[in-house]
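K.L.:
compute the structure for the input listed below.
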Amino acid sequence: MQTPCYDIMIIGGGPAGANFARRIDSEKYRVCLIDGSDEAHPKPCGGLISPDAQAVLAKYHISLPKDLLVSPQLFSVRTIDLENGLTKYYKRNYLNVDRHEFDRFLLKMVPPTVSVIKAKCIDIAYLNGEFHITLKEGGSLFTVSCKQLVGADGASSLVRKNFFKNKPAQKYIAIQQWFPAQNMNPYYSCLFDSSTSESCSWIFFKDHWFIFGGAFRKKGCREAFEKQKQKLLALGLASEEALSLPAKTEACEVLRPHAAYGMCRGSKGCYLIGEAAGFISPSSLEGISYALFSSEALAQAINRSASPKKAFKKYKRKTVPLTLKIRLKCLKRPFMYHKILRGLVMKSGIATIKPYEAAR
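P.N.:
Predicted coordinates for the structure are as follows:
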């Protein structure tokens with residue numbers, strides 16, 4: 001049986017992969033998208049569409065149907081410093097969505113000229129000028145090949161592991177648990193506690209669910225997660241009853257790029273986009289806006305180039321603003337994650353909002 005061969009194959013059906021599949025010229029190229037998402041175990045994610053991601057969607061003239069939205073919609077962030085005992089509020093405008101349905105929404109916009117295969121990618125090899133991808137669908141294995149490969153497969157990218165081992169990135173384990181909500185809180189809460197995590201943790205609500213999660217170093221990640229839960233109880237930020245019986249626990253790898261390393265756009269003919277490329281906020285771990293922007297940049301680069309070499313050069317040039325943005329955020333990190341600096345910033349009250357007192 002002859003192995004199907006495509007001009008371009010995309011590994012990953014999240015926002016980066018789906019948006020690239022939608023924007024690449026699939027009349028000119030034979031394009032195939034491999035969607036390996038697990039319907040029963042969706043990726044842990046806040047599902048908050050940031051202002052930057054909203055801006056990209058606006059440029060596409062995309063509006064979200066109400067079925068994607070969940071309660072409550074969010075207009076501020078409650079920042080909680082567990083070490084300094086400080087709480088401040090900052091104005092932010094997030095769209096609170098069902099992340100799984102949002103991903104499906106983007107996939108539905110992929111044109112019929114793109115072949116979509118629902119399968120897991122388990123191996124990739126480069127032989128005789130082509131990429132050979134081994135896929136698993138149900139209990140069956142089969143192989144497809146392509147001339148150009150796009151890795152949109154997130155923090156655990158198989159494309160990056162196979163072809164860019166010399167471009168490591170710091171990884172954390174994101175863990176979150178879902179609990180039945182006893183009441184509805186209007187805030188997205190961002191928590192900082194360097195004694196348990198070098199990154200941030202979060203609390204938010206989705207319809208009738210209370211969700212607590214955070215990003216932790218791999219070693220001892222579950223212990224650190226449980227320790228942080230105990231701190232929430234001790235400070236009265238959650239009740240014993242609220243955190244007693246999680247309906248589900250989710251975990252996945254997440255990247256955190258640094259100013260000098262962690263980002264990798266691939267090479268000619270083998271490209272990385274979204275979190276697979278290290279395009280994710282090093283401070284908030286927001287990645288949807290970076291996924292949309294980088295996938296658009298690569299689609300434009302390939303559509304307007306005569307060769308993979310020229311396409312890669314153009315892609316690098318188009319994503320310079322992203323790399324600069326991430327490096328600037330890396331410089332900002334100490335003011336968020338260093339106990340003393342964070343305390344000084346929060347005590348200054350810069351950019352904070354003060355909630356009105358309750359009516360008498």
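K.L.:
so in the chain, where's the weakest helix or strand by average pLDDT?
P.N.:
In the chain, no helix or strand scores lower on mean pLDDT, DSSP states H and E than helix 334-337, which sits at a mean of 84.
K.L.:
next secondary structure after that helix?
P.N.:
Once the chain leaves helix 334-337, the next helix or strand it forms, by DSSP states H and E, is helix 339-348.
K.L.:
so what touches that following helix?
P.N.:
If you take C-beta atoms under 8 Å, 6 or more residues apart in numbering as the criterion, helix 339-348 is touched by T79, D81, E83, N84, L86, K88, F192, S194, P334, F335, M336, T352. (Glycine included, C-beta is placed from N, CA and C.)
K.L.:
and if you look at stretch 118-129?
P.N.:
So stretch 118-129 is contacted by 11, 34-36, 131-137, 141, 147, 149, 153, 158-159, 162-163, 270 (C-beta under 8 Å, 6+ apart).
K.L.:
would you mind listing which of these are buried?
P.N.:
Applying 16 or more other C-beta atoms under 10 Å to these, the neighbour count classes 11, 34-36, 131-133, 135, 147, 149, 153, 158-159, 162-163, 270 as buried.
K.L.:
beta partners of F212?
P.N.:
When bridges are called by DSSP bridges, F212 pairs up with Q177, I203.
K.L.:
which residues are in contact with it?
P.N.:
With C-beta under 8 Å, 6+ apart, F212 has these contacts: Q176, Q177, F179, S201, W202, I203, K229, L232, A238, L243.
K.L.:
what's the pLDDT at it?
P.N.:
With respect to pLDDT, F212 scores 93.
K.L.:
if we can go back for a sec, adding pLDDT, neighbour count and distance to V56, write the contacts of F212 out as a markdown table.
P.N.:
Formatted as a markdown table, those follow (pLDDT from 0 to 100; neighbours: other C-beta atoms under 10 Å; distance: C-beta to C-beta, whole Å):
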| residue | pLDDT | neighbour count | distance to V56 |
| --- | --- | --- | --- |
| Q176 | 93 | 23 | 25 |
| Q177 | 94 | 20 | 30 |
| F179 | 91 | 18 | 32 |
| S201 | 92 | 27 | 26 |
| W202 | 93 | 20 | 22 |
| I203 | 91 | 21 | 26 |
| K229 | 90 | 19 | 35 |
| L232 | 86 | 21 | 34 |
| A238 | 81 | 18 | 34 |
| L243 | 86 | 18 | 36 |
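K.L.:
ok, so of these, who is nearest R217?
P.N.:
Nearest to R217, judged by C-beta to C-beta, of the contacts of F212 is S201 at 13.1 Å.
K.L.:
before we move on, the earlier item: among the contacts of helix 339-348, which are in strands?
P.N.:
Counting by DSSP state E, those place T79, D81, L86, K88, F192, T352 in strands.
K.L.:
now neighbour count too, for those, in TSV please.
P.N.:
Output for those, formatted as TSV (neighbours: other C-beta atoms under 10 Å):
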residue	neighbour count
T79	22
D81	21
L86	15
K88	19
F192	23
T352	14
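K.L.:
low-confidence ranges, the stretch 251-360 of the chain, go.
P.N.:
By pLDDT under 70, the weakly predicted segments of the stretch 251-360 of the chain are 358-360.
K.L.:
so who does F225 touch?
P.N.:
Counting by C-beta under 8 Å, 6+ apart, F225 makes contact with I175, T196, G214, F216.
K.L.:
any idea how far I211 is from the first one?
P.N.:
For I175, the distance to I211 under the criterion C-beta to C-beta, to the nearest Å works out to 11 Å.
K.L.:
repeat that for G154.
P.N.:
From G154 to I211 the distance is 20 Å (C-beta to C-beta).
K.L.:
who has more neighbours out of the two?
P.N.:
G154 (24 against 20; other C-beta atoms under 10 Å).
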